[in-house]
Each structure stands twice: as C-alpha cells, then as structure tokens.
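> Sequence below, structure please.
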Amino acid sequence: MATATTGQLETTALEGQVRGMLISPDDPAYEEARKVYNAMVDKRPALIVRAVDVADVIAVVNFARETGAPLAVRGGTHNVAGFGVVDEGVVLDLSPMKGIRVDLSEKLVTVEGGCTWGDVDHATHAFGLATPAGVISTTGMGLALGGGIGYLARQYGLVVDNLVSADLVLADGSFVTANEQENGDLFWAIRGGGGNFGVVTSLTLRLHPVDTVIWGPMLWPLERAAEVMRAYDGWMKDAPDHLYGFFAFVTVPPGPPFPEEFHLQKMGGVVWACTDTQEVADELLQPARALGPAVDLVGPVPFPAAQSAFDALYPPGHQQYWRADFVDELSDEAIKTHVEYASKLPTPQASMHLYPIDGAVHRVGSGDTAFAYRNSRWAEVILAVDPDPALADQLKPWVVDYWEATHPYSAGGAYVNFMMDEGQDRVQASYGDNYPRLAEIKRKYDPDNLFQINQNIKPAD
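Here you go, the predicted structure:
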C-alpha cells in the first residue's frame, strides 16, 4: 500500500497502473498543470494525474483513499472557488478524456468528463442539435453537476433536467451507472449535488433542435438602468419559453462590435437569445427596442458562436471573486441598490448578472432533483475580475459589500456553481429542504467524505 509523507506522496503504487501522465512538483509541466481558471487560487498539489480513461480514474481514487491524501477532481478548471486543485494532495485531471458520441436516432449525446461545452457544441451543431449548457464555452462538464444554467434553460430546462444517465467511479473504486432505472438515489443526488458522490466519467444528455439563434446584447446608459431593470422584470414574466435574456451591468469593451462612443462606459442591459425565427424574435423584442437602447447588437448567429462570445472577455488566468444568490422578485429597493453598486464597478470586467430560471425549470418539482430552488426566477452572480494580481485585494470588498446589500432581497441560497468557498451554512442554504436527503445519500456512497474538495455535503451522522 502506498503511504503519504509530509509534503510529498510516494507514488510507486500508481506507476504501471495509470496510462495518463503523472506530474509531480519537480516535473517541468507542473507549474502550468497546477493552474486553474481563477488565478487568485494558488495551490500546490503533491501530484497531478491526467487520466486518459476510467481505469486511470479508478486507480487514482483508490490511491487517494488508501493514502489518505486529499483528492481534487478537475474537469474544465472553471470552478471559481478553485476546487479543481488542492494543496499537498492529488489532483485527478480529467481533461484528456474528450470522447463524445452523438446518437441521432435517440437524440442523445454521451460526453466524457474532460470535455468542455465548446467541445459538445462543436459535435452536436453539425447535426443542428444542442443540449443546454452555460454561457462560456470553455467551461467543463462540472457545470452540469451543480444544475447547469444557460441560454436554453427557459425552453429546455437546466442541464440536469436533460441528464439521462451518468457513469461514475465511487469512493470505494467501483464503477456504476446512475439513471432512472439504476442507482436512482445517486441519479437524484448528482442532478445538482455537485461532485460530492463520485467522479463522473461520462454524461448522457438529451439533444434538441437548436441551430441558429437570434442573440446579442442591448445596452442602455446607467442612468436608465433602474427603468430598464423594472421593464426587464415584466418582459421576462410574460416571455414565451423560447426567449431568454439575462440582465447585466457591464463596462463596454473598448473594441468592435461596440460603437466607439460607448467604449469603457458603465451600462446596464440584456443579453438576449431566441431560438425562433428572426421575425418572431423581432416581435418579442419590440418592447425592449421601444425603450431605445443605445446599443443593439441582436442578430442571427450559430448557437456555438453565442456560447463562445464571452470566452475572450473572461479568459483563464485572471483574478476573480464571486458571490451569488437566488432571487424571487425584483423590488424597487433591490433595484435601487443594484444600480448604486453598478455605478462603482471596480474593474472593466466586473459585473452583475441575473440569469432567468423560470419556464421549463419551474415545471420540475423542487424535490425531483437535488437542485432545490425551482420556484426562484433568477440566479444572481456578482463578480469582480481583473488580469492584474496587484488589484486582487480590491476585488473582494466591492463584491462582498454589494452582496451584503442585496442579499436581504434574495431567496436565501445560491447556485453552487457561482459560489466561492463560503462554509457549510451557505451550502446547506443552497440545497434547502433537499440537504438532509443529500447527506443520507452521501453517507451511503461516500461515508468517509473522500470527495470533499467541493461545495461539500457532509455525510449524515
């Protein structure tokens, strides 16, 4: 049996068992391999294993369990809390596991755990199909396990609502399939419960006819933001499911396609996405256009282009700090507070987004999956981002102050994919009435909490 030692791991037990790359601190690839999306996270694992198949995953899980080494599981590295890396432990990096298979007869796609949503979009768009995802194409499959919110949510539900089956390696090293017929309790738990229950090596998801979307931002001057926010509330309340729009406060990027006169101005607006025709979209967007947006860049684009449009604005390697909440309604007091903090955006990439989670999301019961906030209307995220490490200390205060000012208007919990490492109270609040059941399932499948580098659900006593 391998043994853990202070500051390093004796890795002999893995040599010969793993076909993927073993990267230790003295390896030339180590410094690059330990990086995650959020450069504010700077951790030094004892070992990074780039798994190439399920056998590698089983070997690494067994190794971590037997040595007692902390285990972090990494997909696309986008988790802003930095749960894809751990000090003096093992990082199980799934990024080489890139297999994708599209089943046209069943309208399904099976995706390995190392894929990004850009990989999935590329594979499915060739057939005029898509599955719900997020809004950044470089995000990994871990997005799915926390719920999965994006442009198709109002029409086709969350990512977890489109999950048909998943393959996992459990804490004891066993390999199982979870779906409605097999391991139903585990299937319930992974649809929102994150990586708490095992290493998900593949997901099978439903596909929908999505090809070209009518997509793009409309922006208004910040002095009109309260008026637009109030109108936006009404637009979304009455919108058909095939119209999606998330509200955002932004600093206009200093380049095309944005008009030069608005470069670096703070503005408020909506990023729209409609899966119907241009004519239908124009009719639905007429009330927004009647408010005279200063910038209107809405037009037809291929769905993968919409999905990847913000990739360059939020690349890996920047300093990031986020806070989040679920929101049921936008009161006048809440809107006033939002606009106040929007006027103080601390960096050009700082923002606040309100992502709609109504429509099809509301047609699934709060207890039908681990994702609990089925009656809320938005998932809110407040984020401060900047490439300069010298500005890192300036990001958190604005985010925390903004969050503390608006949290009283929230539903209580938050979308776990948007959360930092904020402690058990926030985790429990984010699962609400589903938390006790999740804790029982955790005790069954991971009683020793091997998978704890995450928004952790502790095993029930």
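
> which helices and strands sit right next to the host helix or strand of V164?
Assessed by DSSP states H and E, V164 sits inside strand 163-169. With contacts taken as 3 or more C-beta pairs under 8 Å, 6 or more residues apart in numbering; DSSP states H and E, strand 163-169 sits against helix 54-67, strand 175-179, helix 184-190, strand 199-206. Quick note: C-beta positions are derived from backbone N, CA and C, even for glycine.

> If you average the pLDDT over the third one, what comes out?
Averaging pLDDT along helix 184-190 yields 98.

> repeat for stretch 135-142
On average, stretch 135-142 scores 96.

> mind listing what's buried in that stretch?
V135, I136, S137, T138, T139, G140, M141, G142 (16 or more other C-beta atoms under 10 Å).

> just checking, which of those belong to helices?
When DSSP state H defines the helices, the subset of these inside them is G142.

> nearest to V381, of the buried residues of stretch 135-142?
V135 (10.8 Å; C-beta to C-beta).

> quick one: the closest one and Q307, what's the gap?
Distance, V135 to Q307, by C-beta to C-beta, to the nearest Å: 7 Å.

> between those two, what contacts are shared?
Residues touching both V135 and Q307 by C-beta atoms under 8 Å, 6 or more residues apart in numbering: G150, Y151.

> what about R224, how many residues close to it?
R224: 19 surrounding residues under other C-beta atoms under 10 Å.

> How about the secondary structure of T406?
Using DSSP: H, G, I helix; E, B strand; the rest coil, the structure places T406 in helix.

> Show me how far whichever strand or helix holds Y321 is from its chain's centre.
Assigned by DSSP H and E, Y321 belongs to strand 319-327. Strand 319-327 sits 11 Å away from the centroid of its parent chain (C-alpha atoms, centre = their mean, to the nearest Å).

> now stretch 423-436
Using C-alpha atoms, centre = their mean, the offset of stretch 423-436 from its chain centre is 18 Å.

> Check stretch 11-18 too.
33 Å.

> could you give me the average pLDDT of the host helix or strand of V271?
In this structure, V271 is located in strand 266-274 according to DSSP H and E. The predicted model assigns strand 266-274 a mean pLDDT of 98.

> after that strand, next one along is what?
Counting by DSSP H and E, what follows strand 266-274 is helix 278-290.

> Using CSV, write down the CA coordinates of that following helix.
The C-alpha trace of helix 278-290 is given here as CSV (Å, rounded to 0.1, in the frame of the first residue of the first chain):
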residue,chain,number,x,y,z
GLN,A,278,-35.8,36.5,-36.8
GLU,A,279,-39.4,37.6,-37.4
VAL,A,280,-40.6,36.1,-34.1
ALA,A,281,-37.6,37.4,-32.2
ASP,A,282,-38.2,41.0,-33.6
GLU,A,283,-41.8,40.9,-32.4
LEU,A,284,-40.8,39.7,-29.0
LEU,A,285,-38.1,42.2,-28.6
GLN,A,286,-40.2,45.2,-29.8
PRO,A,287,-41.0,46.3,-26.2
ALA,A,288,-37.2,46.4,-25.4
ARG,A,289,-36.4,48.3,-28.6
ALA,A,290,-39.2,50.8,-27.7
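
> Pull out the buried positions in it.
Here helix 278-290 shows A281, L284, L285, A288 as buried, counting by 16+ other C-beta under 10 Å.

> what inclination does that helix have with respect to strand 266-274?
If you take axes from the mean of the first three to the mean of the last three C-alpha atoms, to 10 degrees, helix 278-290 sits at 160 degrees to strand 266-274.

> by contact count, what packs against helix 278-290?
strand 212-221, helix 225-238, strand 243-251, strand 266-274.

> ok, and which of the ones you listed has the densest surroundings?
The highest mean neighbour count among those, using mean count of other C-beta atoms under 10 Å, belongs to strand 266-274: a mean of 25.

> Tell me which strands that one pairs with, and in which orientation.
Counting by DSSP bridges, the strands paired with strand 266-274 are strand 212-221 (antiparallel), strand 243-251 (antiparallel).

> sorry, back to before: give me the sheet partners of the strand holding Y321 and which way each runs.
strand 378-386 (antiparallel).

> circling back to that earlier point, V109 is nearest to which of the helices and strands packed on helix 278-290?
strand 212-221 (18.2 Å).

> Distance-wise, check the nearest residue to N183 once chain neighbours are set aside relative to E260.
Once flanking residues are discounted, N183 sits nearest to V176: 5.6 Å by C-beta to C-beta, 6 or more residues apart in numbering. Distance, V176 to E260, by C-beta to C-beta: 56 Å.

> How is the chain divided into domains?
4-93, 100-209, 212-418 (automatic domain parsing).

> Confidence-wise, which of those domains is weakest overall?
domain 4-93 (a mean of 92).

> So for the protein, the centremost residue is which one?
For the chain, the residue nearest the mean C-alpha position is L143 (3.9 Å; C-alpha atoms, centre = their mean).

> okay but it is in contact with T77, surely?
No. L143 lies out of contact with T77 (C-beta atoms under 8 Å); the separation is 11.8 Å.

> on that earlier part again, tell me the first helix or strand C-terminal of the strand holding Y321.
helix 332-342.

> Okay, buried residues for that next one please.
With burial defined by 16+ other C-beta under 10 Å, the residues of helix 332-342 counted as buried are A334, I335, T337, H338, V339, Y341, A342.

> Of all the residues in the following helix or strand past that helix, which ones are buried?
Remark: after helix 332-342, the chain's next helix or strand is strand 351-356, criterion DSSP H and E. Residues S351, M352, H353, L354, Y355, P356 are the ones in strand 351-356 that count as buried (16+ other C-beta under 10 Å).

> and those as TSV, adding distance to A231?
As requested, these are exported to TSV (distance: C-beta to C-beta, whole Å):
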residue	distance to A231
S351	20
M352	17
H353	17
L354	13
Y355	18
P356	15
